[in-house]
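*Asks:* Structure for this input, please:
(one chain, ligands or ions: 1)
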Amino acid sequence: MDFFDVIIIGGGLGGLTAGAKLSREGKRVLLLEQHSVPGGYATTFRHKEFRVEAGLHEMDGFGGGNLKQKIFTELDIFNHVKFPEIPHFYRAITQRKDVTVPHDLHAAKALLLQEFPHEAAGLDTYFSRMEQFRKYRPESEAEAFESIGSYLDRLIRDEELKLILLGNLMAFSDDPYLLSMDYYAQAQGTYYNSGSVFIEGGSQVLSDYLAGYIESHGGAIRYRHLAVEILMESELCSGVRYRSLSDGTVYTARCRQVVVNAALPQVASSLLPAESGNILKDIISDRTPGASLYTLYLCFDRPLKEIGNQCYCTCVYGPDVNTLNDIGRNSHGRFEDKTYVLTDYSHIRSGLVAEGKGFAALVAEDYLNYWNGMTPEDYKQRKAEVTASFLSRLEQLVPGLNRHLVWYDAATARTMKRYTLNTDAAVYGFAQNPGPRSKQRISPVANLHIASAWDKFGGGFSGVIYSGYFAALEALRQERLTVR
Ligand SMILES: Cc1cc2nc3c(=O)[nH]c(=O)nc-3n(C[C@H](O)[C@H](O)[C@H](O)COP(=O)(O)OP(=O)(O)OC[C@H]3O[C@@H](n4cnc5c(N)ncnc54)[C@H](O)[C@@H]3O)c2cc1C
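*Replies:* Sure, this is the predicted structure:
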């Protein structure tokens, strides 16, 4: 039987970061991944000469003491992976306004003051909160429980301005009244203060690098192997049972520590033994999985910016969205009316496509229960209808776009679930609902560590990289306590 210092369940970015740090510290790591490639959502796939990005539009940058700078330096990432900067923050198109928000906080504030001079006081408060995002602490319980929706309602009257300020909401949540102001301010503040970047060649480049790092530092990765049970002895994890998805063989490996990158609800209900699983279920009982995303991948015979698209990231609000109050309903409403975000990689050196070609991706809020229960034929037909409606709306945004489209395909929440096994196909783990954000350790077992979007840092590339790194530090600390 194999013995490892640490077994990691799941090869998403959180699991890979934990694995890389632990391997760097000389720990013998086994990483189990049910898919055939590393990365989870941080992945690309090929269609002819196009490299299709599946899970990254932008990641906040490295400025202002950002912890990623330290982690990436330590793992020697900057010498192997390039991070082109995104030129603008985003363009937001409401029913009456069309505004491109710059990345720089002061430039963004100046532009919005020019567009909305009657909201000077509110903009001042909002941007000073963004500027002090690291130092700021809620002054009262009411403030700690506030959502970004109610925060903006207190500060600003103009609904158009509120919608523009939330043009990148889809990066965090599907409803501003269900998104913690505290969480939003940390995340959005980072974007305003350190800009944002892409990964040249696509997110798979980072995932492959980290997987290679683990292997070149003595770790083992078993693809197409599904973890089915975490074994426990004397209230501590002692190993993992896993099954080959190629031939069905079941293996057992022993270890001193386990890191879980797999979705926490899945860990609680099917990986841990009942007693520990029930404790974990209890700890997470007040949290709900966040939304999933529908994605339309679009390949063009020329760069989309040459066809007339103006910005890297464009949010087009649905026709029924006039106020912040409409966003939640729109997210759960008809696909034909949904708000969408188009990311056009031709505005940067993406490394995804050959010179002269174009690639873009459209995303909209999606939910697994919408597609569940459909027959394969119904699913195919509904997916085609949804896709056709988005293609027609895209034509209004960029006239001529469809003429240059050489290939497209869509992924739904059902696709996300199939490739990552995430509960409800959530892409950012638990919804970041208003309420005091707990800094408490979530795991109920001393040598079980969480490295994923389901951890206290939340989802997104940066969140899971932090989660993975801290899971590794926790495991190293635990090793020191138990190994003499
Ligand atoms: C379309 C889209 C666009 C996005 N855009 C952005 C963006 O612009 N910026 C940003 O920061 N974030 C973005 N995200 C979100 C971001 O990609 C995710 O939050 C993050 O990558 C999640 O990482 P994770 O480590 O939690 O693992 P996941 O990516 O969820 O991967 C989990 C891994 O565990 C494996 N696994 C699960 N259970 C088992 C098991 N029992 N045994 C073995 N393996 C198992 C799965 O196969 C999977 O590989 C986007 C996501 C999507 C889908």
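*Asks:* switch to C-alpha atoms for all contacts and neighbour counts from now on
*Replies:* OK.
*Asks:* Count the neighbours of residue 137 for me.
*Replies:* Neighbourhood size, residue 137 [other Cα atoms under 10 Å]: 11.
*Asks:* What's the separation between it and the ligand?
*Replies:* Look at residue 137 and the ligand: by Cα to the nearest ligand atom, to the nearest Å, they are 24 Å apart.
*Asks:* how close does that residue sit to residue 454?
*Replies:* Look at residue 137 and residue 454: by Cα to Cα, to the nearest Å, they are 23 Å apart.
*Asks:* helices and strands of the chain: which one has the lowest mean pLDDT?
*Replies:* Lowest by mean pLDDT, DSSP states H and E among the helices and strands of the chain is helix 141-144, with a mean of 76.
*Asks:* Residues contacting that one, please?
*Replies:* With contact meaning Cα atoms under 8 Å, 6 or more residues apart in numbering, helix 141-144 is reached by 138, 181-182, 434-436.
*Asks:* Equivalent analysis for stretch 89-99, please.
*Replies:* Here stretch 89-99 makes contact (Cα under 8 Å, 6+ apart) with 100-103, 160, 163-164, 167-168, 195-196, 311-317, 319, 321-322.
*Asks:* Regarding the residue lying closest to residue 412 once chain neighbours are set aside, what is its secondary structure?
*Replies:* The shortest distance from residue 412 to any non-neighbouring residue, by Cα to Cα, 6 or more residues apart in numbering, is to residue 294 (4.5 Å). Look at residue 294: counting by DSSP: H, G, I helix; E, B strand; the rest coil, its state is strand.
*Asks:* re earlier: just the buried residues out of the contacts of helix 141-144, in ChimeraX syntax.
*Replies:* Buried subset of the contacts of helix 141-144, written as a ChimeraX selection, criterion 16 or more other Cα atoms under 10 Å:
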select :181,182,434,435,436
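*Asks:* between the contacts of helix 141-144, which is nearest residue 253?
*Replies:* residue 436 (38.9 Å; Cα to Cα).
*Asks:* residue contacts, whichever residue of the stretch 301-450 of the chain sits closest to the ligand?
*Replies:* Residue nearest to the ligand within the stretch 301-450 of the chain: residue 420 (3.7 Å; Cα to the nearest ligand atom). Contact analysis of residue 420 by Cα under 8 Å, 6+ apart lists 35, 40-41.
*Asks:* repeat for residue 210
*Replies:* Contacts of residue 210 by Cα under 8 Å, 6+ apart are 16-17, 20.
*Asks:* what does stretch 165-183 rub up against?
*Replies:* For stretch 165-183, contacts defined as Cα under 8 Å, 6+ apart pick out 90-92, 138, 144-151, 184, 290-291, 315, 324-325, 327-328, 331, 364-365, 428, 431-435, 437, 459-460.
*Asks:* Ok, stretch 400-412 next?
*Replies:* Residues outside stretch 400-412 that contact it (Cα under 8 Å, 6+ apart) are 293-302, 304, 307, 366, 383, 387, 391, 394-395.
*Asks:* need the next SSE after the helix or strand harbouring residue 23, C-terminal direction.
*Replies:* In this assignment (DSSP states H and E), residue 23 forms part of helix 13-24. As assigned by DSSP H and E, the chain's next helix or strand after helix 13-24 is strand 29-33.
*Asks:* So which elements touch that next one?
*Replies:* Helices and strands touching strand 29-33, by 3 or more Cα pairs under 8 Å, 6 or more residues apart in numbering; DSSP states H and E, are strand 2-9, helix 13-24, strand 220-223, strand 225-233.
*Asks:* and the ones you listed, which is most packed in?
*Replies:* For those, the largest average neighbour count (mean count of other Cα atoms under 10 Å) is found in helix 13-24, namely a mean of 30.
*Asks:* Is the ligand within reach of it?
*Replies:* Yes - remark: helix 13-24 sits within contact range of the ligand at 13-15, by Cα under 6 Å from any ligand atom.
*Asks:* Nearest to residue 347 among these?
*Replies:* Nearest to residue 347 among the residues of helix 13-24 next to the ligand, with distances taken as Cα to Cα, is residue 13, at 25.2 Å.
*Asks:* Quick check: residue 389 touching residue 340?
*Replies:* No - with contacts counted by Cα atoms under 8 Å, residue 389 stays clear of residue 340, the gap being 11.6 Å.
*Asks:* Pick out whichever of the two has more residues nearby.
*Replies:* Neighbour count, other Cα under 10 Å: between residue 389 and residue 340, residue 340 has more, with 23 against 13.
*Asks:* That one: what's its closest spatial neighbour, skipping adjacent residues?
*Replies:* residue 364 (4.8 Å).
*Asks:* That neighbour sits in which helix or strand?
*Replies:* Going by DSSP H and E, residue 364 is in strand 358-366.
*Asks:* List the neighbouring strands of that strand plus their orientation.
*Replies:* Sheet pairing of strand 358-366 (DSSP bridges) gives strand 292-300 (antiparallel), strand 340-344 (antiparallel).
*Asks:* Return the subset of the contacts of stretch 89-99 lying in strands.
*Replies:* Of the contacts of stretch 89-99, the ones assigned to strands by DSSP state E are 100-101, 196, 313-316.
*Asks:* related to what we said a few turns ago, quick check, distance from the strand holding residue 364 to the centre of its chain.
*Replies:* Counting by Cα atoms, centre = their mean, to the nearest Å, strand 358-366 is centred 14 Å from the centre of its parent chain.
*Asks:* Report the buried residues of the following helix or strand past it.
*Replies:* Once strand 358-366 ends, the next helix or strand along the chain (criterion: DSSP H and E) is helix 368-371. For helix 368-371, the neighbour count (16+ other Cα under 10 Å) marks 368, 371 as buried.
*Asks:* Strand partners (parallel or antiparallel) of the one helix or strand residue 407 maps to?
*Replies:* Applying DSSP H and E as the criterion places residue 407 in strand 405-411. Partners of strand 405-411 in the sheet, by DSSP bridges, are strand 292-300 (antiparallel).
*Asks:* Let me have the helices and strands packed on strand 29-33 in TSV, extended by distance to residue 240.
*Replies:* Converted to TSV, these look like this (distance: least, Cα to Cα, whole Å):
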stretch	distance to residue 240
strand 2-9	7
helix 13-24	15
strand 220-223	13
strand 225-233	5
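*Asks:* Out of the ones you listed, flag the one nearest residue 345.
*Replies:* Of all the helices and strands packed on strand 29-33, helix 13-24 comes closest under Cα to Cα, at 21.5 Å.
*Asks:* between the closest one and strand 29-33, how many degrees?
*Replies:* Between the axes of helix 13-24 and strand 29-33, defined by axes from the mean of the first three to the mean of the last three Cα atoms, to 10 degrees, the angle is 160 degrees.
*Asks:* helix/strand/coil for residue 208?
*Replies:* With three-state DSSP as the criterion, residue 208 reads helix.
*Asks:* Buried residues in stretch 423-443, which are they?
*Replies:* By 16+ other Cα under 10 Å, the buried positions in stretch 423-443 come out as 423-436, 442-443.
*Asks:* Return the residues of the stretch 201-350 of the chain in contact with the ligand.
*Replies:* 225-228, 261-262, 293, 295.
*Asks:* ok, the residue nearest to residue 179 when sequence neighbours are not counted to residue 459 distance?
*Replies:* Once flanking residues are discounted, residue 179 sits nearest to residue 433: 4.8 Å by Cα to Cα, 6+ apart. Separation of residue 433 from residue 459 (Cα to Cα): 13 Å.
*Asks:* repeat for residue 44
*Replies:* Distance, residue 44 to residue 459, by Cα to Cα: 19 Å.
*Asks:* Touching the strand or helix carrying residue 266 from outside, list them.
*Replies:* For residue 266, the host element (DSSP H and E) is helix 264-266. The contact list for helix 264-266 (Cα under 8 Å, 6+ apart) reads 281, 284, 422-423, 454.
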